[in-house]
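Enquirer: From the sequence below, what's the structure:
(chains A and B)
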Amino acid sequence: MTRMSKSEVAEQLDSFLSGRGESWDWDDFVSVKIDDPELDRIRVLCAGLPTKYPAQKKGAYCNSQGFAVLQSLLESLRK
Amino acid sequence: MCSAGGEYGSDGITSSQEQEDSEESDRISAAQPGGNPNTDPSATTPSSRSTQAQQQDATAQPGTQTSTSSVVGTMPSGKPLSSYPSGSTYCGDFVCSSDGKQIGIAPPYVQGVRSDESLGDALMFVPVEKLAAPLAGAAAKLGGDLAAKAAEAFFARGGKGLLNSNDFFRIGYGWQGSATAGSNVLRIGIGSKRLPIHIHITLWKF
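Expert: Below you'll find the predicted structure:
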């Protein structure tokens, strides 16, 4: 279990979507539980996107609906 | 239980190949002096049953179903019958040849025949090879399902896999790269950015 703040999770999502993150950052983020239950719920949502919204393009994490979910999660974290 | 033999016969599990096999074994039996009398060609035609079988019908216990089963195969001569469980064989019991290459179900008129006695032509046999493929397929499917569930339990991503959800050592499915330029991987992850050690080893990229 790891400790992360709301802003750190938001930064993680943003860097993943924009391609600024390092290659294993996202893997580290979705693999390890977060001590804050609300933030951990977001992490689990993020981890399940490829299953719920399977990618249609090679190299993509999920499809456009999945990216829309990621974007809305990012916006909710920044409010 | 007594109808088991009849069901097998009517379902036509055995094939023309088996009939050819049985006819060949009959020919071999007939050619051997002192061969098994139950495999006499005159008594092993598909439409007739052996004298022994008819005698056993007559001595069947009251209330026992004695409907005629289709005779679709014979035991190769010189190969005594085995039954499971060991001991006397009754209708509906699973039986097999001593070489284990044929299995069958005892028909209704078999009532307490010992395993060292010949049941002659009155059983319906299925070569083991005929059952091996579907059994192997079912076993493979079961094995595949178990393997998939085990993989899910141990290696699933998102903190669900037992071996794939901690900060120190993770092995399982993961993601390498960004949202639009990455790939699914099977990897080992050791440590994290918060720890002094932080290593990832990609085992498989797909």
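
Enquirer: can you tell me the residue of chain B closest to chain A?
Expert: B:Gly158 (2.8 Å; CB to the nearest CB). In this view, the C-beta of every residue, glycine as well, is placed from N, C-alpha and C.

Enquirer: I'd like to know how many residues surround the closest residue to chain B within chain A.
Expert: The nearest approach of chain A to chain B comes at A:Ala47, 2.8 Å away (CB to the nearest CB). Neighbour count for A:Ala47, taken as other CB atoms under 10 Å in any protein chain shown: 21.

Enquirer: just checking, it touches B:Arg157?
Expert: Yes. Counting by CB atoms under 8 Å, A:Ala47 touches B:Arg157, with 5.6 Å between them.

Enquirer: got any residues that touch both of those two?
Expert: A:Val30, A:Ser31 (CB atoms under 8 Å, 6 or more residues apart in numbering or on different chains).

Enquirer: pLDDT value on the residue of chain A closest to chain B, please?
Expert: A:Ala47 is assigned 93 on the pLDDT scale.

Enquirer: Equivalent analysis for A:Ile42, please.
Expert: According to the model, A:Ile42 carries a pLDDT of 95.

Enquirer: For the residue lying closest to it once chain neighbours are set aside, which three-state class applies?
Expert: Nearest residue to A:Ile42, sequence neighbours excluded (CB to CB, 6 or more residues apart in numbering or on different chains): A:Leu73, at 5.7 Å. With DSSP: H, G, I helix; E, B strand; the rest coil as the basis, A:Leu73 sits in helix.

Enquirer: So A:Leu73 sits against A:Arg43, correct?
Expert: No. Contact criterion CB under 8 Å: A:Leu73 and A:Arg43 do not qualify, at 10.0 Å.

Enquirer: More neighbours: which of the two?
Expert: A:Arg43 (23 against 17).

Enquirer: Mind listing the residues bridging to the closest residue to that one other than its chain neighbours?
Expert: Spatially, and ignoring its direct neighbours in sequence, A:Arg43 is nearest to A:Ile34 (5.5 Å; CB to CB, 6+ apart). Applying DSSP bridges to A:Ile34 gives these bridge partners: A:Thr2.

Enquirer: pretty sure A:Ile34 is touching A:Val9, no?
Expert: Yes. Counting by CB under 8 Å, A:Ile34 does reach A:Val9; the two are 7.4 Å apart.

Enquirer: shared neighbours, those two?
Expert: A:Arg43.

Enquirer: if we can go back for a sec, do you know how far the residue nearest to A:Ile42 is from B:Leu146?
Expert: Distance, A:Leu73 to B:Leu146, by CB to CB, to the nearest Å: 35 Å.

Enquirer: A:Ser5 too?
Expert: 41 Å.

Enquirer: Which positions in chain B make contact with chain A?
Expert: B:157-160, B:164-167, B:170, B:174-185, B:187, B:189, B:192-194, B:200 (CB under 8 Å from any CB of the partner chain).

Enquirer: Give me the buried entries from those residues.
Expert: Using 16 or more other CB atoms under 10 Å in any protein chain shown as the burial test, the residues of chain B next to chain A include B:157-160, B:164-167, B:170, B:174-179, B:182-185, B:187, B:189, B:192, B:200 as buried.

Enquirer: Do a quick rundown of the helices in chain A.
Expert: With DSSP state H as the criterion, chain A has helices at A:6-18, A:25-31, A:37-52, A:64-78.

Enquirer: contact partners of the last one?
Expert: This points to helix A:64-78. With CB under 8 Å, 6+ apart as the criterion, helix A:64-78 contacts A:6-7, A:9-10, A:13-14, A:16-17, A:42, A:45-46, A:49-50, A:52-53, A:55, A:61-62, B:179.

Enquirer: Derive a ChimeraX selection command for the buried subset of the residues you listed.
Expert: In ChimeraX, a selection of the buried entries from those looks like this (16+ other CB under 10 Å):
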select /A:9,10,13,14,16,17,42,46,49,50,53,55,61,62 /B:179
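
Enquirer: what sits against B:Pro196?
Expert: B:Pro196 neighbours (CB under 8 Å, 6+ apart): none.

Enquirer: go on, A:Arg43?
Expert: A:Val9, A:Phe29, A:Val30, A:Lys33, A:Ile34, B:Gly158, B:Gly159.

Enquirer: Let me have these in JSON lines, adding distance to A:Val69 and pLDDT as columns.
Expert: Formatted as JSON lines, the contacts of A:Arg43 follow (distance: CB to CB, whole Å; pLDDT from 0 to 100):
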{"residue": "A:Val9", "distance to A:Val69": "14", "pLDDT": "95"}
{"residue": "A:Phe29", "distance to A:Val69": "16", "pLDDT": "92"}
{"residue": "A:Val30", "distance to A:Val69": "14", "pLDDT": "92"}
{"residue": "A:Lys33", "distance to A:Val69": "20", "pLDDT": "88"}
{"residue": "A:Ile34", "distance to A:Val69": "18", "pLDDT": "91"}
{"residue": "B:Gly158", "distance to A:Val69": "14", "pLDDT": "74"}
{"residue": "B:Gly159", "distance to A:Val69": "18", "pLDDT": "71"}
